[in-house]
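Asks: let me see the structure of the following:
(one chain, ligands or ions: 1)
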Amino acid sequence: MNTSRKRITFHNTFHNTKAVSFAKVMQDGTLELSDSQVRRASRKLCGMSDCECGTFRGPICDDEGDRYYWDYNSQKPKLVPASFQNREE
Ligand SMILES: [Zn+2]
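Replies: Model prediction:
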């Protein structure tokens, strides 16, 4: 089974920075990132440990312009497409 990946761009509107990651596309359409990918993106977006910007402060989108949000209930770093918000649980 080959794993497809999607290019995701994170924006930080506070520092005006962005970071690109290649997230793993899961079967249900959500995206998964490794902890190191998240760390790398965080460093590019802010990089200051005592900063209060929130690091992932701004839109998260793919190359088609679709928006994503963090799934804070997930144990692994996971992104959920904005279109899923209308989906029945
Ligand atoms: Zn910051």
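Asks: where along this protein do the strands fall?
Replies: 5-12, 17-25, 31-32, 60-62, 68-70, 78-81 (DSSP state E).
Asks: quick one: closest of the ones you listed to Gly47.
Replies: strand 17-25 (8.6 Å; C-beta to C-beta). Bear in mind the C-beta positions are built from the backbone N, C-alpha and C, glycine included.
Asks: touching the ion at all, that closest one?
Replies: No. Between strand 17-25 and the ion, judged by C-beta under 5 Å from the ion, nothing touches; the nearest distance is 8.5 Å.
Asks: for the protein, which spans come out with low pLDDT?
Replies: Along the chain, the model assigns pLDDT under 70 to residues 1-2, 86-89.
Asks: 90 instead, please
Replies: The model of the chain has pLDDT under 90 over residues 1-3, 49, 83-89.
Asks: interface residues of it facing the ion?
Replies: Selection of the chain residues close to the ion by C-beta under 5 Å from the ion yields Cys46, Cys51, Cys53.
Asks: out of those residues, which end up buried?
Replies: Cys46 (16 or more other C-beta atoms under 10 Å).
Asks: and which of the residues of the chain next to the ion is nearest Arg5?
Replies: For those, the nearest to Arg5 is Cys46 (24.1 Å; C-beta to C-beta).
Asks: wait, that closest one touches Glu52, no?
Replies: No. Assessed by C-beta atoms under 8 Å, Cys46 is found out of contact with Glu52, at 9.7 Å.
Asks: on that earlier part again, out of the strands of the chain, flag the one nearest Arg40.
Replies: With C-beta to C-beta as the yardstick, what comes closest out of the strands of the chain is strand 17-25 (7.3 Å).
Asks: verify the contact between Gln37 and Ala23 for me.
Replies: Yes. Using C-beta under 8 Å, Gln37 makes contact with Ala23 at a distance of 7.5 Å.
Asks: compare those two (neighbour count), which wins?
Replies: Applying other C-beta atoms under 10 Å to Gln37 and Ala23 shows that Ala23 carries more neighbours, namely 22 against 17.
Asks: please consider this matter closed, and thank you.
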